[in-house]
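The sequence and its predicted three-dimensional model are supplied below.
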Amino acid sequence: MPPITQQSTNESGLDLVLFSIPQSLLLQIGSASILMLLTTGKISAKALESIGQASEELFRGDRLPILPFPDATELDNHS
């Protein structure tokens, strides 16, 4: 019996009409996009946290102006 030889490509990938994209390139692009997504998520979370802390400082009670509150005698005079 003659030995059976198989032709297999080492790198299969995305075969388009005019060209093919190797599987290793697809893996590199996918990995880079996932890492950028994770980094962007962490940066966005830190930015939102700092904005929240800044808004808390802005609306803290000791920074708000003191409003003139009418006394009980002023209320009795107006009614």
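In hand now; what should we look at? Numbers count the residues shown, from 1 in each chain.

Any stretches of the protein with poor pLDDT?
Filtered on pLDDT under 70, the chain yields the residue ranges 1-11, 61, 63, 74-79.

how about the helices in it?
With DSSP state H as the criterion, the chain has helices at 23-58, 72-78.

winner for burial among those?
helix 23-58 (a mean of 10; mean count of other Cβ atoms under 10 Å). (Each C-beta comes from the backbone N, C-alpha and C, glycine too.)

That one - contacts with which helices or strands?
strand 13-15 (3 or more Cβ pairs under 8 Å, 6 or more residues apart in numbering; DSSP states H and E).

Just the residues contacting the strand it packs on, thanks.
20-26 (Cβ atoms under 8 Å, 6 or more residues apart in numbering).

Just give me the residue right at the centre of this structure.
By Cα atoms, centre = their mean, the chain has its centre lying nearest to residue 41, at 3.1 Å.

Which one, of the helices of the chain, ends up nearest to residue 65?
Evaluated with Cβ to Cβ, the helices of the chain place helix 23-58 nearest to residue 65, the distance being 12.9 Å.
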